[in-house]
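Trainee: Next one to model:
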Amino acid sequence: MARAASFCGVILAAGASSRMGRDKALLPWPPGGAGTFLSAAMEMLAPHTELLIVVAGANAPSLEPVVYSRGAYLAPNPEPERGQLSSLQIGLQEVLNRGRDTALVTLVDRPPASHATVAKLRSAYMDASGDGWAVVPEFAGRHGHPVVMGRDLIGAMLRAPVTSTARDVEHANQAHILYLPVDDANVVANVNTPEEYAQLKS
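Mentor: Residues are numbered from 1 along each chain as shown. Modelled structure (predicted):
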């Protein structure tokens, strides 16, 4: 029997983008279009979730127009230098605060996965047993995003010391995580430098 779940999208966009030299959230995407990595991530998650939360850092003022124009919520991380887990914890706490129990989490520094991929991840989570805490996409042997996290893994992430990483928490609870092969290279594509962005556009 499929479980019941209420889904909330979480986009982590608080990074300093130091290697890129400009805010990765606002990089144009798709090439030649009017959108950005942030707007593309929101459009990817919106059809599969009940609401969207964007976690921002010092870039919050510049992200506000994109976030609010799409009816999403902005969750500021006052100390993004503490690392990505601190942003994830802020986003996941907002998921619970807003009465949802399942998160679809993605990073802003990548092209969006297809709607078919997101639907497949969501369906796999809904069909999993109670021991299935999360679904992680896998492409060519690599794990990627978006990740579906249920309440049990959300709780484990929130309890983790900020000195650890999301990967540490994932590995500690690997027995409860489904790694789902998908035919979508975007789940593992990420962009950190101008050269990587140029290569992706080409």
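
Trainee: shouldn't residue 13 be in contact with residue 38?
Mentor: Yes: counting by Cβ atoms under 8 Å, residue 13 touches residue 38, with 6.0 Å between them. C-beta here means a position set from N, CA and C on the backbone, and glycine is covered the same way.

Trainee: which residues do those two both contact?
Mentor: Common contact partners of residue 13 and residue 38 (Cβ atoms under 8 Å, 6 or more residues apart in numbering): 25, 54, 63, 108.

Trainee: Looking at those residues, which are in strands?
Mentor: Among those, the members found in strands (DSSP state E) are residue 54.

Trainee: higher neighbour count, residue 13 and residue 38?
Mentor: Taking neighbours as other Cβ atoms under 10 Å, residue 13 and residue 38 compare with residue 13 leading, 31 against 27.

Trainee: any idea how far the more buried one is from residue 197?
Mentor: To residue 197, residue 13 is 16 Å away according to Cβ to Cβ, to the nearest Å.

Trainee: before we move on, the earlier item: of the shared contacts of residue 13 and residue 38, just say which sits nearest to residue 98.
Mentor: Distances from residue 98 to these, taken as Cβ to Cβ, are shortest for residue 54 (13.3 Å).

Trainee: ranges for the strands of the chain?
Mentor: Using DSSP E, strands in the chain cover 7-13, 51-56, 73-76, 102-107, 134-139, 142-143, 147-149, 177-181.

Trainee: Which residue, other than its chain neighbours, is closest to the residue nearest the centre of the chain?
Mentor: With distances taken as Cα atoms, centre = their mean, the residue of the chain nearest its centroid is residue 106 (1.3 Å). Take residue 106 and drop its neighbours on the chain: the residue closest to it by Cβ to Cβ, 6 or more residues apart in numbering is residue 146, 4.0 Å away.
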